[in-house]
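# please find the sequence and the predicted model below.
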Amino acid sequence: MEKDFIDYGERINNALLEVIKDILLDLSNEKISSNHCFYITYDTNHPDVLISSKLKKEYPKEITIVIQNQFWNLEVKKNYFNVTLSFNRKKETLSIPFEAIKKFNDPFVKFSLQLDFKVKHLKQNRKVKKLKKSKKIENNKIITLSKFRKNKEE
């Protein structure tokens, strides 16, 4: 009988995802300072990612979202989280499975994670509520991400 080798990489990734879940859960319960800013890059091709067709067209492979001051309805579940963010002054609700996350960064404390999952692309068969139509947000504050991006891979 042949025994499988331990996949340490996958176990480490799962442990790191628990850290991200805990952070987002604390954020949703207002246990985290407003100084923190979270950059989350995820795979938009993961089958359980729920985003509007407009965002999917604009970000066909991956997207980096910013969770700081302007986010709404952060809801953390066992395998995914939902959050509403503003894109071009329109609110969009995103549903992101934790396994779709590629990078997590908190520049306030110089903390960064890079995850490497072997994507199984299995649907999680979760019930999805109809997303409300986007609402126009009146705000002239524009944040560019280019100054936070690194030119080379970590």
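Nice, thanks for sending it over. Note that the structure is a prediction, hence the values are computed from the model and not measured. Residues are numbered from 1 along each chain as shown.

# in stretch 32-50, what counts as buried?
Neighbour-count burial for stretch 32-50, counted by 16 or more other CB atoms under 10 Å, picks out 36-44, 46, 48-50. Backbone N, C-alpha and C define where each C-beta goes, glycine included.

# swap that for stretch 88-102, please
Applying a neighbour-count criterion of 16+ other CB under 10 Å, one finds 91-102 buried in stretch 88-102.

# want to try CSV for those residues, with pLDDT as columns?
Output for the buried residues of stretch 88-102, formatted as CSV (pLDDT from 0 to 100):
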residue, pLDDT
Lys91, 96
Glu92, 97
Thr93, 98
Leu94, 98
Ser95, 98
Ile96, 98
Pro97, 97
Phe98, 96
Glu99, 94
Ala100, 96
Ile101, 97
Lys102, 96
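
# tell me which two of those sit farthest apart.
Greatest spatial distance among the buried residues of stretch 88-102 (CB to CB): Lys91 and Glu99, at 25.3 Å.

# and which of the buried residues of stretch 32-50 is nearest Asn69?
Closest to Asn69, out of all of those and judged by CB to CB, is Cys37, at 8.4 Å.

# can you tell me the SS state at Asn13?
State at Asn13, reduced to three classes by DSSP: H, G, I helix; E, B strand; the rest coil: helix.

# my guess is it contacts Leu113. True?
No: checked against CB atoms under 8 Å, the pair Asn13 and Leu113 is beyond contact range at 9.2 Å.

# strands along this protein, start to end?
Secondary structure of the chain (DSSP state E): strands at 38-43, 62-67, 71-76, 80-87, 90-97, 101-106, 111-114.

# what is the fifth one packed up against?
Taking 3 or more CB pairs under 8 Å, 6 or more residues apart in numbering; DSSP states H and E as contact, the helices and strands that strand 90-97 lies on are strand 80-87.
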